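> No letters, just coordinates:
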DNA sequence: GAGTCAAGAGTTAGCGTTAACCCTTGCACT
DNA sequence: AGTGCAAGGGTTAACGCTAACTCTTGACTC
């Protein structure tokens, strides 16, 4: 049985240093006026006793936790991992900790996570690509002192960081690009539960305005994972061998389709052109490399964190950081 | 200026329900004996007032935070992202939150993170593939009530989850495999700061026992990232065009080397064979697909979390979960 | 009918900090 | 000498919750 070493409290330090607890508190927090001599002395005692302030006690009295919450649909998706990386770096600089929640692309779990992660648990919140509908998400965000959304917009409640055009515009641009390259039978794979992407019908209508026909049956919806893309690719290509190009909502899905296409004996891009959506590392490394849109994921995360700290500091003005998506033509759709 | 809505406290609920604070506390925590009628009534009042317990206050008195700390070298490395995924799922089941810290492969930052993340900040800790030397890491782990390490071993202090053989054995096996395939000039790229991998000299010696020569100048060390592998690959192949095979510490590095090799006009596997180390998604998707070792990343994370909860529940016996690495021969080294 | 016991509550006393206020000095200025 | 004031530091009272007791009742035992 190891000796139950008791926590060193502020009081202990105060006693040992021969000062009041408040003085020690002031030394630690660099608040109030302390003479250099006292500061020095107290610091030494703190060092010697190995005192560490209790986060919980501090939180209880200041109502600040020193933590920010980050909610992502899927941490294994490189797109989100990069964003989290950016957030974490900025949080580290600001001496904040990151409470990470992964929702596994499950809206129910996301709602549960968000209602647990209230304003008492974290000082600020960054929901990344929330999969919840506005009417569910909004009240959950309102609980919080400070929120910055990524890939969603709630001007009254949160600042926002996102690619300028979003999935919808990318799909639109991809379709135009493919049409100009001569493709006449273009399929589109929409991302399930992603609420800001272009609906299939909208894409069809908008392309019709350009006299480009996209048939409803050439389109599908799936989860934004590689496996889902792979399965959907198999199904879509089996049912519609006439397709000469497919646009996917993101890179993982596009790469899943690419694998399916290769297994079905399609040569890319000769038999099938493919366009993805966020330029993860994987996209540039496959053969042929994937045509996609570059999105500055790390910077999006970092900016969101900076905006969040601004909000937490009381700047409640609505800020919107838009990042340009850069079209990256590569081998899969030259 | 919005009305500063005050937090609903346990006391408020107690008053509204006409019972004592303790009764409410017991209802919430399902402790003690409460009559069904009282429980029902209190629950309704809680619901009605929208009461949510304060984590901080609870932590202050129970000395439990409801959080576990997870420290990873690089969340954008799919290997770690998968492990975190596993941890997060199990933590979620257990109603625990995950405090994630990313150290960016920087040992100084890792040390700083670990000393901040003391036993008052989290109830348990999972350091994943720590890059710190034993003598630095050990005292930092001792601060904690419960620790489970991944890819490191400290039997007195923490349970451990890891692949059975580790980088060293994989390098050894890869070298044997390549030698049997007829390769005589095999290079090895060691992972910098990874402390459980085989040292270059050790590999050279052990291969010498099999009459296989690996020259010191055919070996290099780099960070476990794609970029580092890419650069190292360029350098190594430029300086030693005689190499017919390269073994890398992990998949990202191997894939970086693959890219470099392709740029240098090497055909893989004909001119250069490549073997990686952890079977990330990317490995199976490149052309040719990468020969590597499958490691059950999600399961490693999930097991570690389960072991951690066991430790937190007081089971301090040393547990070691070993996962078999499965050699996956693919196109890059058939 | 006194004693026993358990169910179902209530009471008290912190947990470790900091906000907000209060108290001493010493010194400059009139 | 009296006044004013700032520097440096102390006191007190929460913050919201739960551990550990205590108290009251009614049912059951012998």
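Sure thing, it's come through. Fair warning: this is a prediction, and the values are worked out from it, not measured in the lab.
> Now do the strands in chain A.
Using DSSP state E, the strands of chain A run over residues A:67-72, A:97-102, A:124-127, A:148-150, A:159-163, A:186-191, A:219-222, A:245-248, A:273-275, A:292-294, A:320-323, A:326-328.
> Ranking the ones you listed by mean neighbour count, which comes first?
Across the strands of chain A, averaging neighbours per residue (mean count of other CB atoms under 10 Å in any protein chain shown) puts strand A:245-248 on top, at a mean of 30. Heads up, the C-betas are built off the backbone N, CA and C, glycines and all.
> elements contacting that one?
In terms of contacts (3 or more CB pairs under 8 Å, 6 or more residues apart in numbering or on different chains; DSSP states H and E), strand A:245-248 is packed against helix A:166-180, strand A:186-191, helix A:226-239, helix A:251-263, strand A:273-275.
> one more time with 10 Å, if that's ok
Strand A:245-248 makes packing contacts with helix A:166-180, strand A:186-191, strand A:219-222, helix A:226-239, helix A:251-263, strand A:273-275 when contacts are defined by 3 or more CB pairs under 10 Å, 6 or more residues apart in numbering or on different chains; DSSP states H and E.
> closest one to residue A:286 among the strands of chain A?
Between residue A:286 and the strands of chain A, the tightest spacing by CB to CB is seen for strand A:273-275, at 9.9 Å.
> now check that closest one, is it near chain B?
No. Figure legend: strand A:273-275 not in contact with chain B (CB under 10 Å from any CB of the partner chain); closest approach 13.0 Å.
> pLDDT of that strand, averaged?
The pLDDT scores in strand A:273-275 average 94.
> circling back: including distance to DNA strand D, could the strands of chain A go into JSON lines?
Shown next, in JSON lines, are the strands of chain A (distance: least, CB to the nearest atom of the strand, whole Å):
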{"stretch": "strand A:67-72", "distance to DNA strand D": "17"}
{"stretch": "strand A:97-102", "distance to DNA strand D": "19"}
{"stretch": "strand A:124-127", "distance to DNA strand D": "19"}
{"stretch": "strand A:148-150", "distance to DNA strand D": "25"}
{"stretch": "strand A:159-163", "distance to DNA strand D": "27"}
{"stretch": "strand A:186-191", "distance to DNA strand D": "39"}
{"stretch": "strand A:219-222", "distance to DNA strand D": "43"}
{"stretch": "strand A:245-248", "distance to DNA strand D": "47"}
{"stretch": "strand A:273-275", "distance to DNA strand D": "52"}
{"stretch": "strand A:292-294", "distance to DNA strand D": "47"}
{"stretch": "strand A:320-323", "distance to DNA strand D": "33"}
{"stretch": "strand A:326-328", "distance to DNA strand D": "48"}
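> residue contacts, residue A:13?
A:19, A:21, A:23-25, A:27-28, A:42-43, A:45-46, A:48-49, A:51, A:53 (CB atoms under 10 Å, 6 or more residues apart in numbering or on different chains).
> what about 8 Å?
Residues touching residue A:13, when contacts are defined by CB atoms under 8 Å, 6 or more residues apart in numbering or on different chains, comprise A:24, A:42, A:45-46, A:49, A:51.
> Residue A:49 now?
Under the criterion of CB under 8 Å, 6+ apart, the contact partners of residue A:49 comprise A:8, A:12-13, A:16.
> Just flag the most distant two among those.
When CB to CB is used, the two most widely separated members of these are A:8 and A:16, lying 9.3 Å apart.
> what does the stretch 51-200 of chain A put close to DNA strand D?
Proximity of the stretch 51-200 of chain A to DNA strand D is assessed by CB under 7 Å from any atom of the strand, with A:57, A:60-61 identified as the residues in range.
> hmm, try it at 6 Å
When proximity is defined by CB under 6 Å from any atom of the strand, the stretch 51-200 of chain A lies next to DNA strand D at A:60-61.
> got the residues of the stretch 51-200 of chain A near DNA strand C?
Neighbours of DNA strand C within the stretch 51-200 of chain A, by CB under 6 Å from any atom of the strand: A:53-54, A:57-58, A:60-62.
> Filter these down to just the buried residues.
Applying a neighbour-count criterion of 16 or more other CB atoms under 10 Å in any protein chain shown, the buried members of these are A:53-54, A:57-58, A:60.
> Including distance to residue B:199, could those go into a markdown table?
Conversion of those to a markdown table gives the following (distance: CB to CB, whole Å):
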| residue | distance to residue B:199 |
| --- | --- |
| A:53 | 41 |
| A:54 | 43 |
| A:57 | 46 |
| A:58 | 45 |
| A:60 | 49 |
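> Tabulate those residues (TSV), appending pLDDT.
TSV is the format used below for those (pLDDT from 0 to 100):
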residue	pLDDT
A:53	93
A:54	93
A:57	94
A:58	94
A:60	93
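> Please name the residues that touch the residue nearest the centre of chain A.
The structure's chain A has its C-alpha centroid closest to residue A:128; by CA atoms, centre = their mean the separation is 3.5 Å. Contact partners of residue A:128, counting by CB under 8 Å, 6+ apart, are A:70-73, A:80, A:83-84, A:150-151.
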